[in-house]
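predicted model and sequence follow; I will ask about them next.
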Amino acid sequence: MRPWPSLTLLPLLGCVHDTDFHRRTQIDTFFQEPKAEVDILWVVDNSESMEAEQTRLARRFDTFVQYMDEVETLMDFHLGVITTDMSGENPLRGRLLGQPSVLTRSVEGWVDLFKQRVQVGIGGSGMEQGLEASWAALSEPLVSDVNAGFLRPDAMLVLIYVSDENDCSDRGTLPSEDYCYLEAYQDDLIAVAEYVDGFRAIKGNPELVLAFAIVGPLDTSACEDTLPGIRYMEMASSLGGLAGSICSEEFAGILDDLGLSVSGVRSSFPLSYAAVEDTLEVWVCEDEPCDADHGLQVVKSEENGWSYDSATTYLTFHGSAVPVRGAVITAKYEVAGEAAEHSGLVE
């Protein structure tokens, strides 16, 4: 079985003349794994303002697990819950909650156990440190001690952050929680990029980590006692996931989207280089080879097709266009920018 997701870079096929340089044609090939192992860590804010949000999360979990139940034989998951409370007074900081601490499909009543567990209470610190909590849970010493057995070397790691405030992971650099949201002290927080790099290093393969955020939106004017979850959004964006608003009564359907994403059916794939978007062609096939002669060409559409993010180089499929398990995906495009100019080709 191929490792998931996998990327094959095929040789140079040709070039297109530009006014200043020759553009290089690149072909990237991806594989949608037929079967998935997924370790899902929920990081839930347990500060005083979170009671209603926890109740809604538990109520909506049925839709989250629906897809996983439909593909029972194709998905092997571990499910764990921690809180954002990393204060020294909390003896459970970074520790998976409940017994058994790792929920799997074989645990009787796992859906109801999760619904109970995700309602973590509201007695936690008002200095929410979700990023640091997830790092503590999955690094030493906890990962080999009380949290042993949750993280598997070849499984996809999925981090899901739920909070109505921004992350304040500082590792003790701030005098108190009152400084968390003051602009002058933001550089004293641990950089989000440090956590991104750390989780990628834990997995060894950067494509085996995804992050999602159900947090305060940028515009919180309609959300009482809520702050934008900017650092959680950055974490999700950097690790190829989604962000949804915690202010929505039903979380705006993000749990439905998560059900698809964390099941191991990937909807986003990083291209090897920045693409000239107008030249991007995409095919999905049952097996190799996958090209215009063998596959189904997917159209550019945010409804039932693909979109491209030039900032991250991610190719994302939407709706019915999301490749099924076992599919082969090919993207052909002209390389944009500096990579094309230094491709070694001359006029």
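Ah, there it is. Numbering: from 1, shown residues only.

any stretches of this protein with poor pLDDT?
Scanning the chain with the threshold set as pLDDT under 70 gives 1-22, 35, 63, 66-74, 249-264, 338-347.

biggest helix in it by residues?
Selection of the longest helix in the chain by residue count, based on DSSP state H, yields helix 51-70.

starting at the chain centroid, how far to that one?
A distance of 18 Å separates the centroid of the chain from that of helix 51-70, by C-alpha atoms, centre = their mean, to the nearest Å.

got it, and stretch 86-101?
With C-alpha atoms, centre = their mean as the basis, the distance from the averaged C-alpha position of stretch 86-101 to the chain average is 23 Å.

what comes up buried for that stretch?
Judged by neighbour count using 16 or more other C-beta atoms under 10 Å, the buried positions of stretch 86-101 are Met86, Asn90, Arg93, Gly94, Arg95, Leu96, Leu97, Ser101. The way it works is simple: take the backbone N, C-alpha and C, and place the C-beta from them, glycine included.

first-to-last residue distance for that stretch?
Across its full length, stretch 86-101 reaches 18 Å end to end, with C-alpha to C-alpha, to the nearest Å as the criterion.

shift numbering so it begins at 12
Taking 12 as the first residue, the last one we looked at is stretch 97-112.

what sits up against it?
Contact partners of stretch 97-112, identified using C-beta atoms under 8 Å, 6 or more residues apart in numbering, comprise 91-94, 96, 113, 118, 124, 127-128, 131, 135-136, 138, 140, 143-144, 147-148, 153, 157-158, 161, 180.

where along the stretch 112-261 of the chain do the strands fall?
Secondary structure of the stretch 112-261 of the chain by DSSP state E, counting those that start in this stretch: the strands cover 167-173, 220-226, 254-256.

mind putting the ones you listed in JSON lines, mean neighbour count and distance to Tyr243 included?
Putting those into JSON lines (neighbours: other C-beta atoms under 10 Å; distance: least, C-beta to C-beta, whole Å) gives the following:
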{"stretch": "strand 167-173", "mean neighbour count": "26", "distance to Tyr243": "4"}
{"stretch": "strand 220-226", "mean neighbour count": "27", "distance to Tyr243": "4"}
{"stretch": "strand 254-256", "mean neighbour count": "21", "distance to Tyr243": "7"}
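
looking at these, which is closest to Ser312?
Between Ser312 and these, the shortest separation by C-beta to C-beta is 21.3 Å, and it involves strand 254-256.

show me what that closest one is packed against.
Contacts of strand 254-256 with other secondary structure elements, assessed using 3 or more C-beta pairs under 8 Å, 6 or more residues apart in numbering; DSSP states H and E, are made with strand 220-226, helix 241-249, helix 265-272.
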